[in-house]
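Visitor: Quick one: sequence plus predicted model below, questions after.
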Amino acid sequence: MAFWKPGTVAPGSTVDRDNEKEAGESIMAVANQSYRYLSIQQQRERLPIFKSRKELLYLVEKYQTVIVVGQTGCGKTTQLPQYLEEAGWAEEGRKIACTQPRRVAATTVAGRVAEEIGCNLGDKVGYTIRFEDVTSQNTRIKYMTDGMLFRETLIDPLLMDYSVIMIDEAHERSLYTDILLGVLKKIQKKRPDLRLIISSATLDAEEFQDFFNTNTSKDKFKDTCSIISLEGRMYPVDILYTVEPVNDYVEKTIQTVFDIHTKEPEGDVLVFMTGREEIDKVVNEISERASTLPRNALGITPLPIYAGLSTEEQAQIFEPTQEGFRKVIVATNIAEASITIDGVVYVIDCGFVKLRAYNPKTGMESLTVAPISKASAKQRAGRAGRLKPGKTFRLYTEQSFMELRDSSVPEIQRSNLAPVILQLKALGIDNVLRFNFLTPPPVEMMIRSLELLYSLNALDNVGRLTIPLGVQLAEFPVDPLLGKVLLASAEFHCSEEILSIAAMLTVQNVYVQPNRVPKDVLTDERRKFWVEEGDHMSLLNIYNAFTTRGKLSGKWCHEHYFNFKALSRAVSIRGQLKKYLARFNIPLESCLQRHGKTATGRVEATRQIRRCITSGYFSQAAKADVDGSGRFRTIRDNVVLNVHPSSVLFSRNAKYVVFHEVIETNQAYMRDITVIEPEWLSELAPHFYEYKK
DNA sequence: GAGCACTGC
């Protein structure tokens, strides 16, 4: 292919096998290939990490922190905790923890290790994720999400249960990974016996080392942190760059798919795009042009995958390729680390990703297309080398690749920090501005969040958590604004309704939009559940319909184009939030059941619910422009906002609203909106609005 | 007047 140029490190070079938990280190995967006759012990000894077993154990003995570098596919996630357990680190009732950024990873690895050890899951080996605690008194090795370990610090600030904590996939720099690193560094000062293992990609290892070495630099000259590199196991992936920069990567993608299809041996293709619109375009174009292929040629099956698809639609990509066809999977970033697809030999990488950013000046989040990092590019390329030697086509020049950031901006630098600040305060870290972050978030973002927490009355005027409100908001596993609404529901006598609304706001993708169904059919179906008061009350209707006449069934969701997975999750979340309300002594009351028998009672009840929502979301209020353009402006800062087209209130004439969130793409859109009366703002949040007016 | 990357408690 004349348009392509091999990368200078390309032929024969190996790329890390990205997600060793799915296949790479699995002894079962190995067993299925050629070592079926080996005992489990023999299989474990064949993994690349086994050669480093002694050295690893020596380092953990000697150093407080050990950084285990990259080269995934070596077995570190499943083997390292077992080595530690075998060496006695889990004796005397102590546990070994291993954190993962994603729930699926925690559960699947735990299952695999339990099988290797030959115990029931939840016995010697277990896992803990939100809504599922599969551990017992006997549990010695505990896999968990990073968010869950952070929750545990609120209960046991020194994490005394654990002798070793392994933070896996630290290079991903998830929000909770970053917070945990800061908190664990503090804990280490008080617990010299605690061992930390940070598993990271090569590029960040020294940053982690510098971070942990500063703990003791003042009086000792010896390092307390060591790095070890492990070799991985995966097939080589050739990397090809374009010779010239690409203007239209959607078109270039389609060309490349056909080039691969007509010139390369068999093997499926995985394409990385940024979002739904591009994916649909690529899939449609491929289908159309596929009909022009010669009659006797191999067929081509394009399939989309992104989070907004229903479970059934997502499942299609895992079905075996039809005889005589080549599968082309067109994906968002979901395929970079969350979903693993077997059979991929070719990867096409457009070089971009959609990222969420937080603007502290407006308090708005934006969703923008940005170039990926070198680490992401490497991760994407690695998806081609799981089955056999593969090829990755990067739709950018090698020069552009060299100019990419080494790794993505950590999540903590682009998030709303209000929840983080509350939780750090609850841990007794009063001066959050001086908290030891691996990479500190911008100071103005911290200050904006502190102001917001003060206006919610979660912090007092010297920045301490208020009692009980601030303390309760820190405990609640929801955003502080939503937490405030939940707590205020006592006053408005509508906790039953608010629980359902809060659960529905917390899950994503309540609606599914199958491509085969015409848009007006979808809209008509949705209107059956919609009410003029806005999205919150409509979500409540959907929740109630799902749990009563919908009988919690997948079939009902399918018929009405709702996402079954999302609604089921809402039911679990509601249950969890209900337990918190019970703990905070907030009575369960339903104003709709009490007053909803008559029309006027119903109107009054929904007013109460909307007032309750306003008592938490008063800072996110907007007023319609008088020109009838449908545009709004935030009441305090005059920022222009539009109604999101998915909202109940799209193309309806509301005057004053509060909104759950704003997503800024080409324009700023409010999502999940409720109609309010302006007097409620001065009544419920005079401190916030008094200088206006 | 017209749009929805991905996680986590």
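Guide: Noted; the coordinates are in hand. Residues are numbered from 1 along each chain as shown, chains lettered A, B, ... in the order given.
Visitor: Next one: residue A:530 from residue A:549, what distance?
Guide: Separation of residue A:530 from residue A:549 (Cβ to Cβ, to the nearest Å): 17 Å. Quick note: C-beta positions are derived from backbone N, CA and C, even for glycine.
Visitor: ok, these two, which is more surrounded?
Guide: The neighbour comparison of residue A:530 against residue A:549 (other Cβ atoms under 10 Å) goes to residue A:530, with 19 against 9.
Visitor: Provide a list of residues in contact with residue A:364.
Guide: Contact analysis of residue A:364 by Cβ atoms under 8 Å, 6 or more residues apart in numbering lists A:358, A:639, A:662, A:664, A:668.
Visitor: next one: residue A:408
Guide: When contacts are counted by Cβ under 8 Å, 6+ apart, residue A:408 is found next to A:173, A:355, A:372, A:373, A:375, A:376.
Visitor: wait, is the second one part of a strand?
Guide: Yes. The secondary structure assignment for residue A:355 places it in a strand, going by DSSP: H, G, I helix; E, B strand; the rest coil.
Visitor: Just the pLDDT at the spatially closest residue to it that is not a sequence neighbour, thanks.
Guide: With sequence-adjacent residues excluded and distances taken as Cβ to Cβ, 6 or more residues apart in numbering, residue A:355 is closest to residue A:370, at 4.9 Å. For residue A:370, the model assigns a pLDDT of 89.
Visitor: Contact partners for residue A:370?
Guide: Counted by Cβ under 8 Å, 6+ apart, residue A:370 has contacts A:352, A:353, A:354, A:355.
Visitor: Give me the domain ranges for chain A.
Guide: Taking automatic domain parsing as the criterion, chain A consists of the domains A:4-12+A:234-411, A:27-229, A:476-689.
Visitor: and the contacts of residue A:408 near DNA strand B, which?
Guide: Restricting the contacts of residue A:408 to those within reach of DNA strand B (Cβ under 7 Å from any atom of the strand) leaves residue A:355.
Visitor: Okay, and which of the contacts of residue A:408 map to helices?
Guide: Secondary structure defined by DSSP state H assigns A:375, A:376 of those to helices.
Visitor: What is the nearest of the contacts of residue A:408 to DNA strand B?
Guide: residue A:355 (5.5 Å; Cβ to the nearest atom of the strand).
Visitor: sorry, back to before: just give me the closest of the contacts of residue A:364 to residue A:93.
Guide: residue A:358 (41.9 Å; Cβ to Cβ).
Visitor: Pairing partners for that closest one in the sheet, please.
Guide: residue A:365 (DSSP bridges).
Visitor: wouldn't it be in contact with residue A:365 here?
Guide: Yes. Counting by Cβ atoms under 8 Å, residue A:358 touches residue A:365, with 5.3 Å between them.
Visitor: Give me the common contacts of the two.
Guide: By Cβ under 8 Å, 6+ apart, residue A:358 and residue A:365 have these common neighbours: residue A:416.
Visitor: Please identify the residues of the stretch 151-300 of chain A in proximity to DNA strand B?
Guide: So far as Cβ under 7 Å from any atom of the strand goes, the stretch 151-300 of chain A lies against DNA strand B at A:151, A:174, A:175, A:176, A:274, A:275, A:276, A:277.
Visitor: Recalculate using a threshold of 6 Å.
Guide: Residues of the stretch 151-300 of chain A lying near DNA strand B by Cβ under 6 Å from any atom of the strand: A:151, A:275, A:276.
Visitor: Residue A:133 versus the first one, what's the distance?
Guide: Here the distance between residue A:151 and residue A:133 works out to 11 Å (Cβ to Cβ).
Visitor: where does the stretch 151-300 of chain A have low pLDDT?
Guide: Low-confidence segments of the stretch 151-300 of chain A (pLDDT under 70): A:202-203, A:215-223.
Visitor: in it, which spans are helices?
Guide: Ranges of helices within the stretch 151-300 of chain A are A:175-190, A:205-213, A:249-263, A:276-290, based on DSSP state H, counting those that start in this stretch.
Visitor: Tell me which of those is the most buried.
Guide: Among the helices of the stretch 151-300 of chain A, helix A:175-190 has the highest mean neighbour count (mean count of other Cβ atoms under 10 Å), at a mean of 20.
Visitor: got the CA coordinates for it in PDB?
Guide: The C-alpha coordinates for helix A:175-190 follow below in PDB (Å, rounded to 0.1, in the frame of the first residue of the first chain):
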ATOM      1  CA  LEU A 175     -10.200   9.600  39.400                       C
ATOM      2  CA  TYR A 176     -10.200   7.200  42.300                       C
ATOM      3  CA  THR A 177      -6.800   5.800  41.500                       C
ATOM      4  CA  ASP A 178      -5.300   9.300  41.800                       C
ATOM      5  CA  ILE A 179      -7.100  10.000  45.100                       C
ATOM      6  CA  LEU A 180      -6.100   6.600  46.500                       C
ATOM      7  CA  LEU A 181      -2.400   7.200  45.600                       C
ATOM      8  CA  GLY A 182      -2.500  10.500  47.600                       C
ATOM      9  CA  VAL A 183      -4.300   8.900  50.500                       C
ATOM     10  CA  LEU A 184      -2.100   5.800  50.500                       C
ATOM     11  CA  LYS A 185       1.000   7.900  50.600                       C
ATOM     12  CA  LYS A 186      -0.300   9.500  53.800                       C
ATOM     13  CA  ILE A 187      -1.300   6.100  55.300                       C
ATOM     14  CA  GLN A 188       2.200   4.800  54.600                       C
ATOM     15  CA  LYS A 189       3.700   7.400  57.000                       C
ATOM     16  CA  LYS A 190       1.600   6.000  59.800                       C
END
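Visitor: distance between that helix and the chain's centre?
Guide: Remark: helix A:175-190 is offset 20 Å from the chain centroid, using Cα atoms, centre = their mean, to the nearest Å.
Visitor: how far off helix A:205-213 does it point, in degrees?
Guide: Helix A:175-190 and helix A:205-213 are oriented at 40 degrees to each other (axes from the mean of the first three to the mean of the last three Cα atoms, to 10 degrees).
Visitor: packing partners for helix A:175-190?
Guide: Secondary-structure packing of helix A:175-190 (3 or more Cβ pairs under 8 Å, 6 or more residues apart in numbering; DSSP states H and E): helix A:146-155, strand A:162-167, strand A:195-200, helix A:205-213, helix A:418-426.
Visitor: Try it again at 10 Å.
Guide: For helix A:175-190, the packing partners by 3 or more Cβ pairs under 10 Å, 6 or more residues apart in numbering; DSSP states H and E come out as strand A:65-69, strand A:95-100, helix A:146-155, strand A:162-167, strand A:195-200, helix A:205-213, helix A:418-426.
Visitor: what comes up buried for the third one?
Guide: Spelled out, it's helix A:146-155. The neighbour-count check on helix A:146-155 (16 or more other Cβ atoms under 10 Å) flags A:146, A:147, A:148, A:149, A:150, A:151, A:153 as buried.
Visitor: what does the first one give?
Guide: Applying a neighbour-count criterion of 16+ other Cβ under 10 Å, one finds A:65, A:66, A:67, A:68, A:69 buried in strand A:65-69.
Visitor: Kindly provide the whole-number mean pLDDT of it.
Guide: If you average the pLDDT over strand A:65-69, you get 92.
Visitor: same thing with the last one?
Guide: This predicted structure assigns helix A:418-426 an average pLDDT of 92.
Visitor: Against which helices or strands is the helix or strand that that helix is followed by packed?
Guide: With elements assigned by DSSP states H and E, the helix or strand that comes after helix A:418-426 is helix A:443-455. Helix A:443-455 is packed against strand A:352-359, helix A:418-426, helix A:469-475, helix A:480-488, helix A:686-689, with contacts defined by 3+ Cβ pairs under 10 Å, 6+ apart.
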